[in-house]
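1. let's see this in three dimensions:
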Amino acid sequence: MRTGPHIVSDVMTHTVVAVGRDAPFRDVVQLMQEWEISAVPVLAGEGRVIGVVSEADLLLKEEFRDSDPDRITQMHRLPDLAKAGGMTAADVMSTPAVTVHADATLTQAARVMAQRKVKRLPVVDDKGLLEGVVSRADLLKVFLRADDEIAEEIRREILVPLFPATTEPVRVDVADGVVTLTGRVRDTSLVPVITRLVRSVEGVVDVDMPLSDGIPVRDPE
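-> Residues are numbered from 1 along each chain as shown. The predicted model follows:
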């Protein structure tokens with residue numbers, strides 16, 4: 001049974017579609033269409049990730065196809081204009097690649113995606129060699145955890161340490177990822193602490209606290 005947060009290696013895709021730096025522009029487009037993916041890593045040597053080609057990179061060629069950019073546009077979008085004239089993966093890729101390690105937590109991977117505004121991250125080892133790819137959809141898999149698994153983790157990792165000798169335990173019910181806590185808490189200052197800890201459990205969609213001043217009081221059944 002897992003005792004820590006899920007990491008990227010738990011959810012990543014190990015079979016990865018990638019291209020070499022000399023792959024022709026049209027071949028990259030065709031590959032992405034066939035595999036229904038929005039980006040591909042670009043590899044050099046024995047599999048070192050040197051960049052990523054995304055749909056946004058490829059669409060620059062269409063954006064500037066019939067345009068005659070003025071001087072200001074040329075100054076501010078010089079890299080994009082260079083990509084628009086690219087013929088190979090190396091010409092159009094974004095580099096350095098935004099990557100993640102297999103032992104990163106899902107939270108860390110999600111933050112990188114949000115901050116860098118990317119949908120997929122190549123997973124690399126310490127030498128930069130490709131090990132897999134993790135996508136937004138992969139990160140969402142954590143919300144498919146079984147309700148009883150979530151409840152057990154809350155009891156084991158949160159409630160037992162906080163109330164090791166309690167005679168009136170807090171009851172945990174989980175339905176579709178929504179956690180409901182009922183019972184008696186003498187120290188009401190613990191309520192926001194419990195709420196924060198429960199929300200941090202992977203797979204929790206929400207925490208139901210019917211009473212505004214804390215955990216609803218109800219005799220355990």
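2. alpha carbons only for contacts and neighbour counts from here, please
-> OK.
3. centroid-nearest residue for the protein?
-> Nearest to the mean C-alpha position of the chain, by C-alpha atoms, centre = their mean, lies Ala110 at 3.3 Å.
4. is it correct that that residue falls within a helix?
-> Yes. Per DSSP: H, G, I helix; E, B strand; the rest coil, Ala110 lies within a helix segment.
5. looks like it contacts Leu139 (just checking).
-> Yes. Ala110 is within contact range of Leu139, at 7.2 Å (criterion: C-alpha atoms under 8 Å).
6. now what about the helix or strand bottoming out on mean pLDDT in the chain, what contacts it?
-> Least confident helix or strand, the chain: helix 71-76 with a mean of 80, by mean pLDDT, DSSP states H and E. Helix 71-76 is contacted from outside by Leu81, using C-alpha atoms under 8 Å, 6 or more residues apart in numbering.
7. in this protein, which spans are strands?
-> Secondary structure of the chain by DSSP state E: the strands cover 19-20, 39-44, 48-54, 100-101, 120-124, 130-135, 171-175, 178-182, 206-208.
8. got a list of what Ser135 touches?
-> Met12, Lys119, Arg120, Leu121.
9. of all those, which two lie farthest apart?
-> Checked with C-alpha to C-alpha, these reach their widest spread between Met12 and Lys119, with 13.1 Å between them.
10. comparing these two, which residue is more hemmed in?
-> Taking neighbours as other C-alpha atoms under 10 Å, Met12 and Lys119 compare with Met12 leading, 21 against 17.
11. for that one, give its distance to Leu129.
-> 15 Å (C-alpha to C-alpha, to the nearest Å).
12. for the protein, give me the ranges with low pLDDT.
-> Under the criterion pLDDT under 70, the flagged ranges of the chain are 1-4, 166-169, 210-221.
13. nearest to Ala56 among the contacts of Ser135?
-> For the contacts of Ser135, the nearest to Ala56 is Lys119 (11.3 Å; C-alpha to C-alpha).
14. the helices in the chain, which residues?
-> Along the chain, the segments classed as helices by DSSP state H run 8-11, 25-35, 55-63, 71-76, 78-84, 89-92, 106-116, 136-139, 147-154, 160-162, 190-199.
15. can you tell me which of these is most buried?
-> helix 89-92 (a mean of 25; mean count of other C-alpha atoms under 10 Å).
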